[in-house]
Structures are given as structure tokens and as C-alpha cells.
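Trainee: curious how this folds, go ahead:
(2 chains)
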Amino acid sequence: MARTSRHARDVAVVAFAQSDHRRNTDELSEVEMVMPVLHRVLARTGLKAGEIGFTCSGSSDYLAGRAFSFTMTLDGVGAWPPISESHVEMDGAWALYEAWVKIQTGEADTALVYAYGKSSPGSVRDVMTRQLDPYYLAPLWPDSVALAALQARALIDAGETDERALAAIGARSRASAETNPHAQLKGAVPQGAYQVAPLRTGDCPPVGDGAAAVILAAGDVARGLCERPAWITGIDHRIEAHGLGLRDLTDSVSTRIAAEQAGVFEGPVDTAELHAPFSSQEVVLRKALGLGDEVSVNPSGGALAAHPVMAAGLIRIGEAAARIHRGESDRAVAHATSGPCLQQNLVAVLEGDRT
Amino acid sequence: MTAAASPPEVLRAPLVVEFPFTRSLGPVQSAFLTGLRERVVLGVTTSDGRVMVPPVEYDPVTADEIRDLVEVAATGTVTTWAWNGDPRPAQPLATPFAWVLVRLDGADTAILHALDAPDPESVATGMRVRIRWATDRVGAITDIACFEPADAPADPAFPQAAPHDGIFADAVTGIVAEARLDYTYSPGRAQTAYINALSERRTVGERCPSCHKVYVPPRGACPTCGVATTDRVEVGPAGTVTTYCIVNIKARNLDIDVPYVYAHIALDGADLALHGRIGGIPYDQVRMGLRVEPVWTEGGRHPDHYRPTGEPDADYDVYKELI
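Mentor: Residues are numbered from 1 along each chain as shown, chains lettered A, B, ... in the order given. As a prediction, this is how the structure comes out:
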């Protein structure tokens, strides 16, 4: 069946690379961490840095504690002579969205998208409180685990899950990560003590450093660079009110709307790469995306196996695309999140050509 | 058994980022925070008639401007909670507590705060709580010290929110959002080597294996070629002033008399100019092409400034590519 395109141009992920995600990368500056990933993703297409039409990155200065830290990583791209470049202070999934729009406008045929995060220099739980409303929330320093735990309790109270089921999500994720050479946590990992109850260590993502990169290309360029391009047949992102008390934390309205707009429900999906840093969030996302047991969810291990902040969402798109490249998936959904308790969500549908 | 080569020691140092963001309040947030100072909890009515506490100025669904303030009770019901057995430094309570979302009586939405409770067994969704006010209140969310359990049924004065004009004497119009984050900064391999060499009064750069340019200070990558610069080379000590400016404004905490000269200096063997102060010569005699060398002070880990070497000036053609 021929794909029907809703966009001006057919755009595909043609290559994906990521670092080995580790608890600590003291010996590496950001550019030293990112550069090998950029070289690897370029090598997969044979493109040289100078042949890329548009470059977009995602990261956050708050992780490094230094202003404009992302400019340093541009050294790893080879930004002289001047290149067409942009940056989002967000997960790289949103950098990918910007690059996808750039290609849709016809101003570029290829794009390099990368993202990185070094959480190790600071305390990421405290750092993330600085993204909260500065009037009502930030002065209380509710950390990222605490907010996720409020959502987990709401789900348990609503009868949608229980602590045993949450533990099983973490265990399944880390078992899946056994075959992922880049994952930080893999295999049998103790569920551990309560961090903020009802969430235990095993329900929370590991703190780690890492980077990821993808290359996007349009139409015949994509076909020339990749044997089986992962066509982005739909992509959309939606945001909800910041106030947690305004939202039904057991649901993700923004994910559902983004999925409808991206066309997720127009056909079956076989793979879902969900950016669910906390086990409880997978419960919410599965419901919003209508995923049944037949769908392979986070075969990479997901964010519970490796969570380089600002790269983890882009990695979901990259992992979903890589499965299509390898012929292990025909139609995959990739998801990225940002903000407390799944406040903002991006959903993409990736499809491979059928023979 | 032979010992594995130990990785090169990487420098690290504490890095503290503190920012007292000063923020102004709009009419709704001003009324809410001033109200807290006066032990009055205000909400705002949304376009569809719901009462939102804490209030915002624009409807989250329609984006309409909303200004209709109402008063709600200081008692309410927990809608969800999480037990925080190990409070972090700046959180509302130093002893284990529950994070709670509380729907105050008269409100349709919930407010996030801390609940002072002895243990998780004493907390449940649906439990009744009331505000414990801070002793010293300034017009901030922390004027609510926390919530505490309350057996009381819904406050009969607030079966529903009551209109409120939001007017208080001496309204709070801004807050200072204090924040401090602690980091351990590591400059990475290339810059560690540079800094360590400086403390031995040597300057090292790194050469790009592709374009052969020598970068000082090295950051580990060639920004032209986008490849790692691993070939370490010693440069200087002398160099050439490629361009300069005369500084006439004294920086705070800087013990240097103005005017002084701040220059770009291409060290011999480097393909990138670094910057430094020029001393040992009247400021109005500094010129492009001036040959200079670094001056280290006793115990200094980096050059304090650069002074003339006394050599003839460099030809313009020699350094014009480095300006």
C-alpha cells in the first residue's frame, strides 16, 4: 500500500548514533563527548560535515551550570566556514522537529540533529526544579522524582497500576537493554528503596551523561543515503498547562492529541519507543497511545536503562528509526517528553518502505 | 600483573551558580501572594466557571485574560501525595514529609505543597488538611509553611468561593526567586593539559591533524574541521600583538589602573591569538606587531600580563592571518 503523505516533502531519518551512556564523564568536555557521535552518524551516510544543509542541537545550560555551553560543542561539527545552524534549549527531539520543518520549507535537503547532556557535574533532581513555575513551584524545590511520584500515586489510586506492576516495567526495560551496548543499566537491577514513595530506585531513570545524533534527509537524497529510510510520516507536539493541580495526572491529553495529529491511529504500529523516565509514565503513555500487548515497547530499554537528559527523547526517535533501518519494524511510534509529569509531548510516526 | 595505565588526572573544582531572579507580578499573582501574607487564599474563576487555586492570569484552556478573584478556604482535601523520606536542602520541611496536591474548599484545582505528617501510614488521598501559616510572611508561596492534617469537615464559610476584590494595603508587586545550584566543574582532557602546563610556565596548544592549525588554548576539537586535536605542541613563550584596545573603565574588584591595554596575542607557533593584558610599556605606545612575552607573578598559575621583549616589531604579513 502506498503511503499517503500529508507533508510537502518526504523526510526520513537515515542514520542514528549514540554514545555509551555513563554515570560520569569527567575526563571529557562536552565537545569531546559529542564529537565521536557526530563522526559516527556522518560515517553511516558517507556525508561530510560541510555537505549537511542544516544543523540543529538540543541541550541545557543548567546541566553544565554555564551559559551558552552549547556553543562549545559546535567545534565538533566544524562550524567554519559558517554553517546554517540552530539550537533549542530542549531535548533534541525538538531540535529534530525544527530540522524537519526546515527541510519541509525546502531550504535544506539534509540535516544533522544532535543532543547531549552531562548530568554528572550537578544534582539533576535539583537542577530540574529550575524549569518549574518560579512563583508557585520553584521556591518549594519539588524535585523531578517527587513530581513523578505524585503522578504514580494518582495512577495507583485510580486503579491503573500498582507497585508490583511498576517494578515489572523497570525490570522489563532493563532486561531489554541487555542487547543494547549503549545502555547504562541492563540486566537484573534491584528495585531498591523508596526514593519518593511510591517510586523506588528501580522506577527512576539512571543519572547519566551521553549524546545522540541523527541525520534527516528528504526524498531521493534519503533513498541514496540509506537502504531503508525511516520515513517520518507524521510528527506533532503539544503542551499542557504548567500547573500540576490543573491536570488529570493519570492521563496525557497532549500525547493523545499529538498522536492523532501525527496519524498514529491510522494504522497498526509494531514498535513504540516511549520517553518515560519513570515506570509510572509508561502506564500513562500506553493508554494515551492506545498501545496493546502486541506492540514491542522500548526494545532498546528506554529511558529506564539510559537517560542522558536532553538526549533521551531524540534517542527514542533514533532507536525507532534504527529498527526500521534493520528491517525489524515497519511502522513505529516514537515519543519524547519535556516538563514535569509529561507536560509536553512529541509524537512521531516512522515507516519503512514495504516490499 | 601489570597495573593498567591510570587515566590522566582531570582537574575539577566546585562551581556555584547563584541567581536571585527578581520578578514582577501581574495583578492576579500580586493579589494571591499579598493575600497569603494576610492569611487569605485567593483563586481566579476560569472562563468555564471553575475556580483555579493557585490562580493565573490567562485561562489555561481558552487563553482568555481572567481577573475575577475569589476567596477560598484554608482547609482542603488531598488529591494525590508522595512520601518524601529524605528531604533535600531547600525543600519546605527538614523532616520527612509528604508532597501533596490539595484542593482547597471552594476550589476546583489543586495546589502543590508539603504536608507535615509523622509517617506515610498517616497520609491518604482524600484526607482533610489545613494550611499552617509561616510566622513571618512576606508575600510568597512559602508564606504557607506547609499543610497539616485536620479532622475538620469542609469550612462552612466556603461551600463555594466568595468574590474578593483582591485589594490589600501595601500590595506585593514582585518576588525575588533565590536559587543556588552546586556543581563540580571539569574542563576535560585538553583544557586540563593546558591549565596544568601554565602552572609550569609553559603554554601548550593542540594541532589539528587535518588542517594542521595549532589552537591555544585547546578545547579538544578543531572548529574548522570538526575533528579531535590530540597532537600536543608547546608554543611561545613570546608572541606578537595582532590587535588591541585601550580599556578606560575600571572593572569592579580589578586591581589594575586604567587606562590599560588588552590585546590579542599570537604566541609563536600558534595559529590562533589568545588574549591578555599588556604591561611594562605606556598604554599609548602599544602597537600591532609589538613583540611580547608572558610575565608570571610569584606562585601564579597563569601569566599575569605580557610585556615587550625588546625585539623589532613583527612584519604585518607574518601575523595578518591571525588578526
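
Trainee: now A:E98: how far from chain B?
Mentor: Remark: distance between A:E98 and chain B (Cβ to the nearest Cβ, to the nearest Å) = 21 Å. Glycine gets a C-beta too; all of them are placed from N, C-alpha and C.

Trainee: let me fix that: A:G327
Mentor: The gap separating A:G327 from chain B is 31 Å, by Cβ to the nearest Cβ.

Trainee: can you tell me the closest non-neighbouring residue to that residue?
Mentor: The shortest distance from A:G327 to any non-neighbouring residue, by Cβ to Cβ, 6 or more residues apart in numbering or on different chains, is to A:R228 (6.4 Å).

Trainee: what of A:M35?
Mentor: Once flanking residues are discounted, A:M35 sits nearest to A:G76: 3.6 Å by Cβ to Cβ, 6+ apart.

Trainee: thought that neighbour was touching B:G226?
Mentor: Yes. Here A:G76 reaches B:G226: they are 5.6 Å apart, a contact under Cβ atoms under 8 Å.

Trainee: joint contacts of those two?
Mentor: Common neighbours of A:G76 and B:G226 (criterion: Cβ atoms under 8 Å, 6 or more residues apart in numbering or on different chains): A:35, A:38.

Trainee: looking at the two, which one has more neighbours?
Mentor: Neighbours around A:G76 and B:G226, counted as other Cβ atoms under 10 Å in any protein chain shown, are more numerous at A:G76. The numbers are 32 against 24.

Trainee: the more buried one and A:V41: what is the separation?
Mentor: Using Cβ to Cβ, to the nearest Å, A:G76 is found at 11 Å from A:V41.

Trainee: what about the stretch 1-150 of chain A, any weak spots by pLDDT?
Mentor: A:1-5 (pLDDT under 70).

Trainee: gap between stretch A:238-248 and the chain center?
Mentor: When C-alpha coordinates are averaged (Cα atoms, centre = their mean, to the nearest Å), stretch A:238-248 and its chain have centres 20 Å apart.

Trainee: hmm, who's touching that stretch?
Mentor: A:132-133, A:136, A:147, A:150, A:253-255, A:257-258, A:261, A:339-341, A:343-345, B:52-54, B:56, B:60, B:79, B:101, B:103, B:109-112.

Trainee: strands - which of those land there?
Mentor: A:344-345, B:52, B:79, B:101, B:103, B:111-112 (DSSP state E).

Trainee: which one (most neighbours) among the residues you listed?
Mentor: A:N345 (31 neighbours).

Trainee: that residue and A:A311: what is the separation?
Mentor: Counting by Cβ to Cβ, the gap from A:N345 to A:A311 is 17 Å.

Trainee: swap in A:S254?
Mentor: 21 Å.

Trainee: looking at those two, which has the bigger crowd around it?
Mentor: When A:S254 and A:A311 are compared for neighbours, A:A311 comes out ahead with 31 against 24, by other Cβ under 10 Å.

Trainee: I figured the more buried one was touching A:A115, is that so?
Mentor: Yes. A:A311 is within contact range of A:A115, at 4.1 Å (criterion: Cβ under 8 Å).

Trainee: point out where the stretch 151-300 of chain B drops to low pLDDT.
Mentor: Under the criterion of pLDDT under 70, the regions of the stretch 151-300 of chain B flagged as low confidence span B:154-159.

Trainee: show me what from it comes close to chain A.
Mentor: For the stretch 151-300 of chain B, the contact set with chain A under Cβ under 8 Å from any Cβ of the partner chain comprises B:175, B:177-179, B:181-191, B:219-228.

Trainee: OK, contacts around B:R202?
Mentor: Residues in contact with B:R202, defined by Cβ under 8 Å, 6+ apart, are B:234, B:237.

Trainee: what's the answer for A:L216, then?
Mentor: Neighbouring residues of A:L216 by Cβ under 8 Å, 6+ apart: A:11-14, A:96, A:99-100, A:103, A:110-111, A:113, A:232.
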